[in-house]
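Colleague: okay, sequence plus prediction incoming.
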Amino acid sequence: MDNRSSNKESVKALIERYLEAYKMRDKLTSMDIEKAWPHIVGSSVAKHTSEISLKKNVLLLRFDSSIIKQELAYKKDEIIKAVNEYFQKNVVTDILLY
């Protein structure tokens with residue numbers, strides 16, 4: 001049993017190193033955010049979101065509506081808080097809207 005426990009830990013460490021080495025962590029997190037986006041901001045905002053990506057804890061969002069983009073610019077701190085609360089960890093530190 002003790003040997004299995006150490007094997008699980010080493011597999012986990014191997015996956016973590018792989019994600020870091022190939023810079024895949026941001027891509028996987030982006031996909032998770034995209035999937036959860038309607039739950040985080042609501043379906044009306046989500047349907048006007050045309051792109052979601054994450055680079056070094058900065059959430060990049062593109063919208064097809066300038067009105068929604070402008071409205072969300074005032075709510076950046078709320079969105080950061082909502083995303084981080086949804087994932088129960090600090091995933092996003094800033095947001096860029098375009």
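Modeller: Received, thanks.
Colleague: who's in contact with K56?
Modeller: The neighbourhood of K56, defined by CB atoms under 8 Å, 6 or more residues apart in numbering, consists of D26. Just so you know, the C-beta spots here come from the backbone N, C-alpha and C atoms, and that holds for glycine as well.
Colleague: counting neighbours, what do you get for the residue lying closest to F87 once chain neighbours are set aside?
Modeller: When the adjacent residues along the chain are set aside, F87 lies closest to D32, with 7.2 Å between them (CB to CB, 6 or more residues apart in numbering). Taking other CB atoms under 10 Å as the neighbour definition, D32 ends up with a count of 15.
Colleague: repeat for K55
Modeller: 12.
Colleague: what pairs with it across the strands?
Modeller: Note on K55: beta-bridge partners V58, judged by DSSP bridges.
Colleague: I figured it was touching K23, is that so?
Modeller: No - contact status for K55 versus K23: not in contact, 9.7 Å apart, counting by CB atoms under 8 Å.
Colleague: okay, stretch 59-74 in PDB with CA atoms only?
Modeller: Taking only C-alpha atoms (Å, rounded to 0.1, in the frame of the first residue of the first chain), the coordinates of stretch 59-74 have been written out as PDB:
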ATOM      1  CA  LEU A  59      -8.000  36.400 -18.700                       C
ATOM      2  CA  LEU A  60      -8.400  37.600 -22.200                       C
ATOM      3  CA  LEU A  61     -12.000  38.100 -23.300                       C
ATOM      4  CA  ARG A  62     -13.300  39.100 -26.700                       C
ATOM      5  CA  PHE A  63     -16.900  40.100 -27.200                       C
ATOM      6  CA  ASP A  64     -19.200  40.700 -30.200                       C
ATOM      7  CA  SER A  65     -21.000  43.500 -28.400                       C
ATOM      8  CA  SER A  66     -19.300  46.700 -27.500                       C
ATOM      9  CA  ILE A  67     -22.100  47.500 -25.000                       C
ATOM     10  CA  ILE A  68     -21.400  44.300 -23.100                       C
ATOM     11  CA  LYS A  69     -17.600  44.900 -23.300                       C
ATOM     12  CA  GLN A  70     -18.100  48.300 -21.900                       C
ATOM     13  CA  GLU A  71     -20.400  47.100 -19.100                       C
ATOM     14  CA  LEU A  72     -18.000  44.400 -18.100                       C
ATOM     15  CA  ALA A  73     -15.000  46.800 -18.000                       C
ATOM     16  CA  TYR A  74     -16.700  48.300 -14.900                       C
END
